[in-house]
Every structure is written in structure tokens, then in C-alpha cells.
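Engineer: coordinates only, sequence not included:
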């Protein structure tokens, strides 16, 4: 297992939080996520997922990872 904390730009409300959480949780291998405005901490199986895959999911949801 691995854990990553991302700083995320463009989030301003609970809708943003839910959008990011939904995107991150959809990545195969993610076991848990804690998302707040401006950041997310994700625990994932590093044999199935990667930081890059999680970053791409956040970007696809319309947000910028710093």
C-alpha cells in the first residue's frame, strides 16, 4: 500500500470535493480517499494504481494538481 497527498487547484465547494472524490475512487487500486477543498489524501495499492493515474483522474475531472 502507498499513500499520496495532493494539492489541488480549482476546488472551491463541496461539489468540487465530491467530483474529485468520485474521480479518485474510480481509479482501480484506490482503497480510500479523504478529500477537502484544495487537497486530497489517497491510499492505494501500488501494484494496481500509481500517483500518475490518480493525478490523471483529478485532471480529467477538471482540476489542476500542483
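Structural biologist: That came through, no problem. Because the structure is predicted, anything quoted here is derived from the model rather than measured.
Engineer: work out the gap between the host helix or strand of residue 3 and the centre of the chain.
Structural biologist: Using DSSP states H and E, residue 3 falls within strand 2-9. How far strand 2-9 lies from its chain's middle: 7 Å, per C-alpha atoms, centre = their mean, to the nearest Å.
Engineer: same check on stretch 52-64?
Structural biologist: 7 Å.
Engineer: next: stretch 46-62.
Structural biologist: With C-alpha atoms, centre = their mean, you get 7 Å for stretch 46-62.
Engineer: hmm, who's touching that stretch?
Structural biologist: Stretch 46-62 is contacted by residues 1-2, 4, 6, 8, 10, 19-20, 22-24, 26-30, 40, 42, 44, 65 when judged by C-beta atoms under 8 Å, 6 or more residues apart in numbering. (Glycine included, C-beta is placed from N, CA and C.)
Engineer: which of the residues you listed fall in strands?
Structural biologist: 2, 4, 6, 8, 30, 40, 42, 44, 65 (DSSP state E).
Engineer: would you write a ChimeraX line that selects the buried entries of those?
Structural biologist: If you want just the buried ones from those in ChimeraX, going by 16 or more other C-beta atoms under 10 Å, the selection is:
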select :6,8,30,40,42,44,65
